[in-house]
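Trainee: test case, fold it:
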Amino acid sequence: MGRPKKPIITIERQYGSGGSIIGKLTAEKLGINYYNRQILEMTAERCGISAEHLESAEESVPTSFLYSLLLSSNPARSLEDNLPLSDKVFLMESNIITEIAEREKSFVLVGRCGSYILEDKGCFSVYIYAPKEERVRRAVEQYGISESKADSIMRKADKRRETFFNVNTGRTWQDKDQYTLCINSADLSDEVCAELIVRAYKEYNAVADE
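Mentor: Numbering: from 1, shown residues only. A predicted model of the protein is given here:
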């Protein structure tokens, strides 16, 4: 009897590792949909708030499990009414991601705690990382960030992603043991990284069929 299939690919990535580009290439190679910022835009449309405003809230430090204490201040209001926007963003995005998983058999999702949200549905989870100097180089050469600011922007972006993941999942973002596949993108092209994911994904699911 084979392992359970994991038809959805989720990608967590360090800033400047190329995770978003690699994720898009992976989706193209497999002929499936790719979701990243689209989740934020769907959430913004659903709640009638600008994507920029939601993105700012998404990057704020959420209160996680402590928000239930807010009910005591006004029991007549629902739990969601009492939540700070930073927590509502995670709940709304989680609902949208789950809805997508219910209607699409396979897709690629970058970020937004996808490996945690979709764990019960089965996901092939990937973590993409690279040494600091390589990520700074990409930020300067591909993202157009000035060399003097690249290191600071990289550290702040990683901290936001780590905090968002750790608080909402109760796990450690950079703990490689929780992912199906981890890739150091430093010495590999984005194309090769995507091909590695596709090959590993297909091999994994082929074993699941046996």
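Trainee: how many neighbours does residue 133 have?
Mentor: 11 (other C-beta atoms under 10 Å). To be clear about C-beta, it is placed using only N, CA and C from the backbone, and glycine gets the same treatment.
Trainee: can you classify it as helix, strand or coil?
Mentor: Secondary structure assignment for residue 133 (DSSP: H, G, I helix; E, B strand; the rest coil): helix.
Trainee: residues contacting it?
Mentor: Neighbour list for residue 133: empty [criterion: C-beta atoms under 8 Å, 6 or more residues apart in numbering].
Trainee: so residue 190 sits against residue 18, correct?
Mentor: Yes: with contacts counted by C-beta atoms under 8 Å, residue 190 reaches residue 18, the gap being 5.2 Å.
Trainee: more neighbours: these two, which one.
Mentor: Shown here are residue 190 and residue 18; by other C-beta under 10 Å, residue 18 has more neighbours (24 against 21).
Trainee: ok now stretch 118-138, how far from the chain's centre?
Mentor: Relative to its parent chain, stretch 118-138 has a centroid offset of 9 Å by C-alpha atoms, centre = their mean, to the nearest Å.
Trainee: now the terminal residues of that stretch, how far apart.
Mentor: 30 Å (C-alpha to C-alpha, to the nearest Å).
Trainee: list the buried residues for that stretch?
Mentor: Burial within stretch 118-138, assessed by neighbour count using 16 or more other C-beta atoms under 10 Å, is assigned to 118, 123-130, 134-138.
Trainee: now the residues you listed in TSV, with pLDDT, distance to residue 170 and secondary structure?
Mentor: Shown next, in TSV, are the buried residues of stretch 118-138 (pLDDT from 0 to 100; distance: C-beta to C-beta, whole Å; DSSP: H, G, I helix; E, B strand; the rest coil):
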residue	pLDDT	distance to residue 170	secondary structure
118	95	16	coil
123	94	17	strand
124	97	21	strand
125	97	16	strand
126	98	20	strand
127	98	17	strand
128	98	22	strand
129	98	21	strand
130	98	26	coil
134	96	30	helix
135	96	27	helix
136	96	31	helix
137	95	34	helix
138	95	31	helix
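Trainee: turn those into CSV, including distance to residue 183.
Mentor: Listed next are the buried residues of stretch 118-138 as CSV, based on distance: C-beta to C-beta, whole Å:
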residue, distance to residue 183
118, 19
123, 16
124, 13
125, 12
126, 7
127, 7
128, 5
129, 8
130, 9
134, 13
135, 14
136, 19
137, 17
138, 14
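Trainee: ok, which stretches of the protein are helices?
Mentor: Using DSSP state H, the helices of the chain run over 19-30, 37-47, 51-58, 79-82, 85-103, 114-117, 132-141, 147-169, 190-209.
Trainee: now do the phi/psi pair for the residue nearest to the spatial centre of the chain.
Mentor: For the chain, the residue nearest the mean C-alpha position is residue 111 (0.9 Å; C-alpha atoms, centre = their mean). With angles defined as degrees, to the nearest 10, residue 111 sits at phi 70, psi -160.
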